[in-house]
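Student: model this:
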Amino acid sequence: ALPESEVFEITDFTTASEWERFISKVEEVLNDWKLIGIASGKPLGKGVYTTDAWEEKSDEISFADFKFSVTHHYLVQESSDKDGKEELIEDALPVSMQDLLCMNNDFPPRAHCLVRWYGLREFVVIAPAANNDAVLSESKCNLLLSSISVALGNTVRTDFEMVHLRKVPNQYTHLSGLLDIFKSKTGCPLTPLPPVSISIRLTYVLQDWQQYFWPQQPPDIDALVGGEVGGVEFGKLPFGACEDPISELHLATTWPHLTEGIIVDNDVYSDLDPIQAPQWSVRVRKADNPQCLLGDFITEFFKLCRRKESTEEILGRSTFEDDGKEAADITHALSKLTEPAPVPIHKLSVTNMVHSAKKKIRKHRGVDESPLNNEVLNTILLYLFPDAADKSSDGSEARPGTSTGNNPPPENEDSNLYTQFKSAPSDSLSYKLALCLCMVNFYHGGVKGVAHLWQEFVLEMRYRWENNYLVPGLANGAPDLRCCLLHQKLQMLNCCIERKKARDEGKKSISSDRSPGDTGKAIGHSGGDSQNDTDKEKGEVGRSWESWSDSEEEFFECLSDTEELKGNGQESGKKSGSKETPNLKPEGRLHQHGNLTLLHPGEPLYVPVTQEPGPMTEDLLEEQSEVLAKLGTSAEGAHLRARMQSACLLSDMESFKAANPGCCLEDFVRWYSPRDYVEEEVVDEKGNVVLKGELSARMKIPSNMWVEAWETAKPIPARRQRRLFDDTREAEKVLHYLAVQKPADLARHLLPCVIHAAVLKVKEEETLEDIASVKKIIKQIIILSSKILRFPNPEDKKLEEIIAQIMSVEATIARARSLKAKFGIEKHDQEEERDDLERFVNCLLEQPEVSVVGAGRGPAGSIIHKLFMNAQRVATTTPLDEELKRSGSSDERRLNSGAVADFPPAAGREVILRTTVPRPASYSKPLPQRMYSVLTKEDFRLAGAFSSDTTFF
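Tutor: Just a heads-up that it's a prediction; the model follows:
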């Protein structure tokens, strides 16, 4: 081995250093973005920095192992001619330097800080990639700047410099001091000095609205007058902000084009009177998350969805416990249904029954402990069940056909909103219940009040079922699958009540027409007179007498009918199908079917009274489809599935046989499915053209379900068949489903109704204000809600998003009303002036800053002037000298004297100074110089862009 002193080393100076690699990467990124070279650009129009779109693109580079992000910010402009670079004037300035002198976009209200400080339309920022990293040492900063200089290699350069101070030096609080520092910084060797262009903006802040009371008073929670609770009528949602949603008004007074020497502004005297400023612009500062009633209502209701307790846990177990028989009347529904003697309570009104139930429930709980007091509960129940007050003394009721809502019919667009939201019609019981629960949750005991009201509601549902009172506020017919599940359940209960009611009325009419000796035969003989039979059967569609009975007499009567029927069936079984016994009398005829006659006996074909298929809610349909799917695809499974689905077909066949003795399957098919009976013209033996018919091919398939069902069907009229729809069982299922709902389940069911109501409310309020941006957001809310609420169990985050949008709309409308009140729009007699002010207010809501037409002398300007004057008068009641001592600066004391006393001291002073001078030597190229200054109470910043010609330096 060689000794250490003889180790031979070669240093390769051709390899790139980390610094050179970094420079290369910067050049590469700038070349990729096509930023190398002088770009062409037209002078920018006024205000484009605010109105036009800004975009950015980023890349990442590293210096050794230190990562930097490179971001290109640029104003999106119309694409210019690509060959424009060739047409550029020789020695033209880069676009960024031209922008330093452009005065069209001074003081942009909303822009990147570098745009505000330097007026650039396009710039690249190189910064440490990690947020917690920073280039702090001066040597590293210089290294970075050197890298960029080498990468760009331009002949002209602009240095962007910044001074940021917490305490303001006194000489920089006025224009003359700023001019001194600007001139010393540019260091122009020429005499006389080129003129300096000046732009000044003073901003005044109005915070004191004492002379204007906020019009929205918080609701009086104790108020309960004429159906009004909490200052809001039941069925109506509250609206508006409880506090002023506009916290500050900022007035910017601007002198856009001044030259040095035209005005005086020093530490002794100032010509800058805001009233004389040629340009005024206003922006409003909105209160952060103002408390709004509608938003609070929905948010509190939504919080219920996260509660875990059951109604029993909330109200206490003693609610459902009682040693006596009274509690059994409420809780043991099935035992009550099977009591031999009916309970004589049909003469009681619904509210009386509910109050009696309440007394029983409160035996273990004092009246004072109940979350809802009687007065509030009465009001809610009468609002939900208006028919309770209309009951006549004999217990009968006049129930409206579809709904009992007092609201006028909504517009077409709003009327089908419930189908998009899967909620419920706006005049339905479910919708009203949702609004009542929302109000009870907010004003009357929160979750306890909700549990109490729901318990009363369930008791009312059971009472109505037991006493054949239809539930108001629900459309007739089967459950509407476009509505929420709870609404479907209530509709299902109504279907059950309708069936039970019709069946009970049918039994009463039969028992009243029957003599004591006719027992067991009255029903059998009722088919003799077809007209009477038709009228009777019309009211008996889908009713089964043998599966529901309140008395032993009727129960045995049905048994005797069944025995008679069995006898008939045995007799008919001994004879051929075409020659059925004439002793079997037709039963359950509805009406004659045109001119059709039976094929074999030749008698008229009658349409039978049939059972209606059982209505189903979406959860039952889902269960049924799961059961059918589980049967599989085997032949046995398919057969079983067909049998399960043919219950309705079998029932109709039995009704048809009872109405048409001696009929055959072909007769049934001609009525039930005419397309499956094929007729064609044939020539008979005598040469006459006659129609000959036969069953279709699918009806002739061996083991056809229709043939099997026809063979097993017996001639039984609909009223004596087993019920396809067991209303007793289905009603008990619904009542049990309602009873076990927790407040959280209830809130989930009814949240679509609450959102639906909130959307209708904001639409109604918006029409009064006519704000374009709000209209657009409401449309977005409807689209978003339609997507989210259509499916079961939507995510909480998505629901919160809908609620947040509704709250933002409410706040915007409240802001519009606040501004209209402050500007006194309603008080203006001249329509043209009022319209101008309304447009001005709407622009304030939608734009970051709005110019005041006519500045301080226009209609809006004079109102703003008065607002500041009134605020100043209020301020003078406090010791003004102390206020000035606290604010401190001589500038503020100076501005508070003379005519400017109408305004408070300026909260912000912005000054832009511009000139074009040769730097660094007198023979250098004249280049733009710019300095921006901003002064507030707690902040002072100088941002300078000083250009120099580096050709010989």
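Student: contacting residues around Val447?
Tutor: Val447 sits next to 304, 307, 309, 314, 441, 743 when contact means Cβ atoms under 8 Å, 6 or more residues apart in numbering. No exception for glycine: its C-beta is placed from N, CA and C like everyone else's.
Student: gap between it and Gly240?
Tutor: Val447 sits 26 Å away from Gly240, taking Cβ to Cβ, to the nearest Å as the criterion.
Student: rewinding a little: any chance of a ChimeraX selection covering the buried ones in the contacts of Val447?
Tutor: Of the contacts of Val447, the buried ones can be selected in ChimeraX as follows, counting by 16 or more other Cβ atoms under 10 Å:
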select :304,307,314,441,743
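Student: please name the nearest non-neighbouring residue to the residue nearest the centre of the chain.
Tutor: The structure's the chain has its C-alpha centroid closest to Ile802; by Cα atoms, centre = their mean the separation is 3.7 Å. Residue nearest to Ile802 in three dimensions, not counting chain neighbours: Ser785, with 5.4 Å by Cβ to Cβ, 6 or more residues apart in numbering.
Student: any residues touching the particular helix or strand that has Ile200 in it, and which ones?
Tutor: Assigned by DSSP states H and E, Ile200 falls within strand 197-206. Here strand 197-206 makes contact (Cβ under 8 Å, 6+ apart) with 103, 106-107, 175, 248-260, 265, 272, 274, 277, 867-868, 871, 903-904, 906-915.
Student: 6 Å - rerun?
Tutor: Outside strand 197-206, the residues that touch it by Cβ atoms under 6 Å, 6 or more residues apart in numbering are 106-107, 248-256, 258, 867-868, 871, 903, 906-914.
Student: which among the residues you listed end up buried?
Tutor: Looks like the contacts of strand 197-206 have 106-107, 249-256, 258, 867-868, 871, 903, 906-914 buried, using 16+ other Cβ under 10 Å.
Student: among those, which are in strands?
Tutor: Judged by DSSP state E, the buried ones among the contacts of strand 197-206 include 249-256, 258, 908-914 as members of strands.
Student: now Pro905: how far from Tyr204?
Tutor: For Pro905, the distance to Tyr204 - Cβ to Cβ - is 8 Å.
Student: for the stretch 151-300 of the chain, which segments count as helices?
Tutor: Residue ranges of the helices in the stretch 151-300 of the chain, as given by DSSP state H, counting those that start in this stretch, are 175-186, 293-303.
Student: right, and the ones you listed - which one's nearest Ser948?
Tutor: helix 175-186 (9.9 Å; Cβ to Cβ).
Student: tilt between the closest one and strand 197-206?
Tutor: 140 degrees (axes from the mean of the first three to the mean of the last three Cα atoms, to 10 degrees).
Student: by contact count, what packs against the helix or strand where Asn441 lies?
Tutor: For Asn441, the element it lies in under DSSP H and E is helix 429-443. Using 3 or more Cβ pairs under 6 Å, 6 or more residues apart in numbering; DSSP states H and E, the elements in contact with helix 429-443 are helix 293-303, helix 446-466, helix 743-769.
Student: which other residues reach it?
Tutor: Against helix 429-443 from outside (Cβ under 6 Å, 6+ apart): 221, 230, 235, 297, 300-301, 380, 384, 424, 449-450, 453, 473-474, 486-487, 750, 753-754, 757.
Student: narrow these to just the buried residues.
Tutor: Buried among the contacts of helix 429-443 (16+ other Cβ under 10 Å): 230, 235, 297, 301, 380, 384, 424, 449-450, 453, 473-474, 486-487, 750, 753-754, 757.
Student: can you verify my assumption that Glu910 contacts Tyr932?
Tutor: No - contact criterion Cβ atoms under 6 Å: Glu910 and Tyr932 do not qualify, at 7.3 Å.
Student: so what sits against both of the two?
Tutor: With Cβ under 6 Å, 6+ apart, Glu910 and Tyr932 have no common neighbours.
Student: so where does Glu680 fall, helix or strand?
Tutor: Residue-wise, Glu680 maps onto strand 677-683 under DSSP H and E.
Student: next, count neighbours for Glu55.
Tutor: As a burial measure, Glu55 scores 9 neighbours (other Cβ atoms under 10 Å).
Student: are we agreed that it is in a strand?
Tutor: Yes - according to DSSP: H, G, I helix; E, B strand; the rest coil, Glu55 belongs to a strand.
Student: how about the contacts made by it?
Tutor: Counted by Cβ under 6 Å, 6+ apart, Glu55 has contacts Val76.
Student: if I look at it, how far off is Glu849?
Tutor: 22 Å.
Student: is it true that Pro109 touches Val850?
Tutor: No - look at Pro109 against Val850 with Cβ under 6 Å: they stay out of range, at 9.3 Å.
Student: when these two are compared, which one has more neighbours?
Tutor: Val850 (21 against 16).
Student: ok, what's across the strand from the more buried one?
Tutor: Val282 (DSSP bridges).
Student: any idea how far it is from Cys843?
Tutor: Distance from Val850 to Cys843, by Cβ to Cβ: 4 Å.
Student: repeat for Asp949
Tutor: 45 Å.
Student: and the two? Which one has more around it.
Tutor: Each of Asp949 and Cys843 has its neighbours counted (other Cβ under 10 Å); Asp949 has more, 18 against 13.
Student: quick one: pLDDT of the closest residue to that one other than its chain neighbours?
Tutor: Leaving out its chain neighbours, the residue that sits closest to Asp949 by Cβ to Cβ, 6+ apart is Ser924, at 3.9 Å. Ser924 is assigned 84 on the pLDDT scale.
Student: ok, Leu819 - contacts?
Tutor: So Leu819 contacts Val841 (Cβ under 6 Å, 6+ apart).
Student: next helix or strand past the helix or strand harbouring it?
Tutor: Per DSSP H and E: Leu819 is located in helix 796-822. The first helix or strand that comes after helix 796-822 along the chain, using DSSP H and E, is helix 831-846.
Student: now that next one against helix 743-769, angle please.
Tutor: Using the same axes, to 10 degrees, helix 831-846 lies at 140 degrees relative to helix 743-769.
Student: show the average pLDDT along the helix or strand containing Ser147.
Tutor: In this structure, Ser147 is located in helix 138-152 according to DSSP H and E. Average pLDDT, helix 138-152: 82.
Student: against which helices or strands is that helix packed?
Tutor: helix 18-32.
Student: for the next helix-or-strand element following the helix it packs on, list the C-alpha coordinates in PDB.
Tutor: Counting by DSSP H and E, the next helix or strand C-terminal to helix 18-32 is helix 48-51. Presented in PDB, the C-alpha positions along helix 48-51 are these (Å, rounded to 0.1, in the frame of the first residue of the first chain):
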ATOM      1  CA  VAL A  48     -60.000  43.400 -14.500                       C
ATOM      2  CA  TYR A  49     -57.900  42.300 -11.500                       C
ATOM      3  CA  THR A  50     -61.200  41.800  -9.600                       C
ATOM      4  CA  THR A  51     -63.600  40.800 -12.300                       C
END
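Student: contact partners of helix 48-51?
Tutor: So helix 48-51 is in contact with 105, 108-111, 115, going by Cβ under 6 Å, 6+ apart.
Student: and the pLDDT at the residue nearest to the centre of the chain?
Tutor: 92.
Student: was I right about it contacting Ser786?
Tutor: No - using Cβ under 6 Å, Ile802 is not in contact with Ser786; the gap is 10.4 Å.
Student: can you classify Lys692 as helix, strand or coil?
Tutor: Going by three-state DSSP: Lys692 is strand.
Student: list the residues that contact Lys761.
Tutor: 237, 239.
Student: redo that, cut-off 7 Å
Tutor: 237, 239, 294 (Cβ atoms under 7 Å, 6 or more residues apart in numbering).
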